[in-house]
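Engineer: need the 3D shape of this:
(chains A and B)
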There are 2 protein chains.
Amino acid sequence: MVLYVDAPRMREWIGERGVEPIIVDLVERMEQAFSRWLDFEREPRVASHSKHGVIELMPTSDGVHYAFKYVNGHPSNPAMGLQTVAGFGVYADVATGYPLMVAEMNLLTALRTAATSAMAARYLARPDSRVLALIGTGSQSEFQTLAMRAIIGVDSVRIWDVDGAAMDKYERNMAGFGVDIYRATSADDAAAGADIITTCTADKTNATVLTDAAVRPGVHLNAIGGDCPGKTELDAETLHRARIFVEHEPQTRIEGEIQQVPATHPVEALWRVVAGEIPGRTDDAEITLFDSVGFAIEDFVALAYVRDDVTGTRFAGELDLITSPADPKDLFSLIAAPALTHTRR
Amino acid sequence: MVLYVDAPRMREWIGERGVEPIIVDLVERMEQAFSRWLDFEREPRVASHSKHGVIELMPTSDGVHYAFKYVNGHPSNPAMGLQTVAGFGVYADVATGYPLMVAEMNLLTALRTAATSAMAARYLARPDSRVLALIGTGSQSEFQTLAMRAIIGVDSVRIWDVDGAAMDKYERNMAGFGVDIYRATSADDAAAGADIITTCTADKTNATVLTDAAVRPGVHLNAIGGDCPGKTELDAETLHRARIFVEHEPQTRIEGEIQQVPATHPVEALWRVVAGEIPGRTDDAEITLFDSVGFAIEDFVALAYVRDDVTGTRFAGELDLITSPADPKDLFSLIAAPALTHTRR
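Structural biologist: From the prediction side, this is the model:
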């Protein structure tokens, strides 16, 4: 039997465990994984492009477990009431090749993305950071807020979205969490005075959602909305002022903010910072940028955590997905009897 | 909701519909797909190798639908009572990127492999072929037999396996199907007088399960057991005497019998034969070889067929795998209420 965490179970599991406690655990596991980055396979994601969007498979393995995420990106989906991005994941045993778990990965991706952002901020933001600017208050925004609160101690958020209804939604969802919310009049207004600026818009083009002038010395930028070819959020000028940190450089060169600069533009690997090989932030005036596009290892960590946490609980369903005859050579015996009568001549 | 055909439903569906009727339909659809081969994405499978075996993802798309198979290959699994190869598949909608179906793919792979073999034999075997030799009577053997009977009219089978119990199993499973079975004393004895020779052994090395001397003029060889690097079944001499047909040449060069010959050795694309671009068998003395390793397009065809056939029937279960908030920007609202109380400060 394959363990199964469907959408309702994922919702209930998150409800029971709490967003912030999950993110605290995920950051701890994410740090462990980033510290042993080279243990993992680091293949580029496998993309199938169409005029409608993209469907991707994101596999990785650490030699003990294997995981992949199926994820799409379809900008026109919301007009049909569907998610731009939808996904599910599979976690498997390397020794037998058998799948161990199938799980929902829309909510789980939101959690792992927020956890990765917060982990990066722990190494790259000023230690006294308390004010977060959110440019874009879509699906990721509440998760980013709670992650930055749980890991960094952010207690004040300045929000901006070109869609006023999205800001209403954010304010509604965050009411009662004890976070001070300032509703800005522009992206630059939101960024003013922020210690950490997270850009998480759904712009489909090489947009500039934040002017370079709004990026002040000492700020940490967390750019997560630019995550596919032809889609960026920052002013190219900002890239020349910042120390840039990436997940898997070959993928980020294609999908990240650094699409805007030559392939020789220097970037640093976030995992080396987490592993203690290179410094994170070195002074209070530095501008740091985590150019995040999402990588398979982060999904692996999230799936491993869910499996460990839900096994033996009511959040773990079962799928009878793999046919297993008693004699491995006798697959045919498993076909129900009518097949035989039906085909006998 | 995602349509779901688990292992019990797949067994029952095959039982209800019958192996041969399914294979007849699959061959028809396989011919349609091979005739429009260039409409499909033809990426190599994405493999994750370990000391234990391999886990692969096999994706393809025709621009309307997308499918992938998850499949492993673990030679030491049978010693643990597990299948050497286990798999499942996903069929998805290119326009939205949403998965449409998750299905068992051990039994389904056996059916699609047998259907592909029979389709190849239709173009490559002598039209009067009635005698099949089976070298290897493992998981594939009964499916191969029924496919060759349904499509080619084979009525006599000569079997050989180094494991006598596997031959017992084959004879037991095929009793009552009206096929004449001759239990040979060696692979060469099985091949004697056969019109079609199918090699489907589980040898893990560059083995020779059939001597070149046993391959007589006019025979069609269907080599399906050699399907990964370092695993072949035929005498290299035989490759120099045969016209060789392949699925996707770049993959077969790595995984097929033609690993044994230089990369310049001529091979022909089976799809071009099916599409009428090049001839299949041209005379009764020719030796033809289908060097089959299995390709993603065959899995696509099988998944598409299952979906069309089971939709609206008792064989179609449902998975609530994809989280879908009413407002696509409001993923956070889906988290069950306890999360909010739990994390409020």
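
Engineer: tell me where the stretch 151-300 of chain A has helices.
Structural biologist: In the stretch 151-300 of chain A, the segments counted as helices under DSSP state H, counting those that start in this stretch are A:164-174, A:187-191, A:236-241, A:249-255, A:270-274, A:296-310.

Engineer: which bits of the stretch 101-250 of chain A sit near chain B?
Structural biologist: With Cβ under 8 Å from any Cβ of the partner chain as the criterion, the stretch 101-250 of chain A comes near chain B at residues A:102, A:104, A:106-107, A:110, A:137-139, A:141-143, A:146, A:163, A:166, A:169, A:173, A:176-178. The way it works is simple: take the backbone N, C-alpha and C, and place the C-beta from them, glycine included.

Engineer: can you add mean neighbour count and mean pLDDT and give the helices of the stretch 151-300 of chain A back as a markdown table?
Structural biologist: Output for the helices of the stretch 151-300 of chain A, formatted as a markdown table (neighbours: other Cβ atoms under 10 Å in any protein chain shown; pLDDT from 0 to 100):
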| stretch | mean neighbour count | mean pLDDT |
| --- | --- | --- |
| helix A:164-174 | 17 | 96 |
| helix A:187-191 | 21 | 97 |
| helix A:236-241 | 17 | 96 |
| helix A:249-255 | 18 | 92 |
| helix A:270-274 | 22 | 98 |
| helix A:296-310 | 23 | 98 |
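
Engineer: what subset of the residues of the stretch 101-250 of chain A next to chain B is buried?
Structural biologist: A:102, A:104, A:106-107, A:110, A:137-139, A:141-143, A:146, A:166, A:169, A:173, A:177 (16 or more other Cβ atoms under 10 Å in any protein chain shown).

Engineer: of those residues, closest to B:Phe40?
Structural biologist: Of all these, B:Phe40 sits closest to A:Val102, with 25.9 Å by Cβ to Cβ.

Engineer: okay, and the closest one sits in which element?
Structural biologist: Secondary structure assignment for A:Val102, by DSSP states H and E: strand A:99-104.

Engineer: quick one: secondary structure of the nearest residue in space to A:Pro328 that is not next to it in sequence?
Structural biologist: Spatial nearest neighbour of A:Pro328, chain neighbours left out: B:Pro78 (4.3 Å); criterion: Cβ to Cβ, 6 or more residues apart in numbering or on different chains. Using DSSP: H, G, I helix; E, B strand; the rest coil, the structure places B:Pro78 in helix.

Engineer: show the contacting residues for B:Pro78.
Structural biologist: A:328-329, B:84 (Cβ atoms under 8 Å, 6 or more residues apart in numbering or on different chains).

Engineer: next step: the residues you listed restricted to strands.
Structural biologist: Among these, no residue falls in strands (DSSP state E).

Engineer: which one of the residues you listed is nearest to A:His240?
Structural biologist: Nearest to A:His240 among the contacts of B:Pro78 is B:Thr84, at 54.6 Å by Cβ to Cβ.

Engineer: the closest one: neighbour count?
Structural biologist: Using other Cβ atoms under 10 Å in any protein chain shown, B:Thr84 has 19 other residues around it.

Engineer: touching, it and B:Cys228? I think so.
Structural biologist: No - counting by Cβ atoms under 8 Å, B:Cys228 is not a contact partner of B:Thr84; they are 11.0 Å apart.

Engineer: overlap in contacts of those two?
Structural biologist: Residues touching both B:Thr84 and B:Cys228 by Cβ under 8 Å, 6+ apart: B:Gly73.

Engineer: quickly find the element holding A:Ile55.
Structural biologist: strand A:54-61.

Engineer: now do whichever helix or strand comes after that strand against strand B:65-73, angle only.
Structural biologist: Per DSSP H and E, the first helix or strand lying C-terminal to strand A:54-61 is strand A:65-73. Between the axes of strand A:65-73 and strand B:65-73, defined by axes from the mean of the first three to the mean of the last three Cα atoms, to 10 degrees, the angle is 180 degrees.

Engineer: okay, buried residues for strand A:65-73 please.
Structural biologist: Of all the residues in strand A:65-73, those buried under the rule 16+ other Cβ under 10 Å are A:65-73.

Engineer: and what of stretch A:73-85?
Structural biologist: So, applying 16+ other Cβ under 10 Å, buried residues of stretch A:73-85: A:73-75, A:77, A:82-85.

Engineer: those into JSON lines, with extra columns for distance to chain B?
Structural biologist: Listed next are these as JSON lines, based on distance: Cβ to the nearest Cβ, whole Å:
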{"residue": "A:Gly73", "distance to chain B": "7"}
{"residue": "A:His74", "distance to chain B": "5"}
{"residue": "A:Pro75", "distance to chain B": "10"}
{"residue": "A:Asn77", "distance to chain B": "6"}
{"residue": "A:Leu82", "distance to chain B": "6"}
{"residue": "A:Gln83", "distance to chain B": "5"}
{"residue": "A:Thr84", "distance to chain B": "7"}
{"residue": "A:Val85", "distance to chain B": "8"}
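
Engineer: turn those into CSV, columns for distance to B:Trp37.
Structural biologist: Converted to CSV, the buried residues of stretch A:73-85 look like this (distance: Cβ to Cβ, whole Å):
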residue, distance to B:Trp37
A:Gly73, 27
A:His74, 27
A:Pro75, 30
A:Asn77, 30
A:Leu82, 31
A:Gln83, 33
A:Thr84, 32
A:Val85, 31
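
Engineer: let me know the closest of those to B:Ser129.
Structural biologist: The closest of the buried residues of stretch A:73-85 to B:Ser129 turns out to be A:His74 (Cβ to Cβ; 48.2 Å).

Engineer: report the contact partners of the spatially closest residue to the closest one that is not a sequence neighbour.
Structural biologist: Excluding the flanking residues, the one nearest A:His74 by Cβ to Cβ, 6+ apart is A:Gly53, at 3.5 Å. Neighbour list for A:Gly53: A:72-77, B:97 [criterion: Cβ under 8 Å, 6+ apart].

Engineer: let's see 10 Å
Structural biologist: A:72-77, A:84-85, A:228, B:94-97 (Cβ atoms under 10 Å, 6 or more residues apart in numbering or on different chains).

Engineer: in the strand holding A:Ile55, which residues are buried?
Structural biologist: A:54-61.

Engineer: within reach of chain B, which of the residues you listed are there?
Structural biologist: When contact is defined as Cβ under 10 Å from any Cβ of the partner chain, those meet chain B at A:54-61.

Engineer: pLDDT weak spots in chain A?
Structural biologist: Applying pLDDT under 70 to chain A flags the ranges A:203-204, A:226-227, A:336-345.

Engineer: domain map for it?
Structural biologist: Following automatic domain parsing, one finds the domains of chain A at A:2-107+A:298-324, A:126-295.

Engineer: now A:Ala302: closest residue in space, sequence neighbours ignored.
Structural biologist: The shortest distance from A:Ala302 to any non-neighbouring residue, by Cβ to Cβ, 6+ apart, is to A:Arg112 (3.9 Å).

Engineer: now the angle from the helix or strand where the one you found lies to helix A:296-310?
Structural biologist: Assigned by DSSP H and E, A:Arg112 falls within helix A:106-124. Interaxial angle of helix A:106-124 relative to helix A:296-310 (the same axes, to 10 degrees): 110 degrees.

Engineer: spatially central residue for chain A, please.
Structural biologist: A:Thr113 (2.7 Å; Cα atoms, centre = their mean).

Engineer: list the contacts for that residue?
Structural biologist: A:139-140, A:143-144, A:147, A:200, A:224, A:227, A:292, A:294, A:298-299, A:302.

Engineer: of those, which is the nearest to B:Arg241?
Structural biologist: Checking those against B:Arg241 by Cβ to Cβ gives A:Asp299 as the nearest, at 49.4 Å.

Engineer: touching, the closest one and A:Tyr91? I think so.
Structural biologist: Yes - A:Asp299 is within contact range of A:Tyr91, at 9.4 Å (criterion: Cβ atoms under 10 Å).
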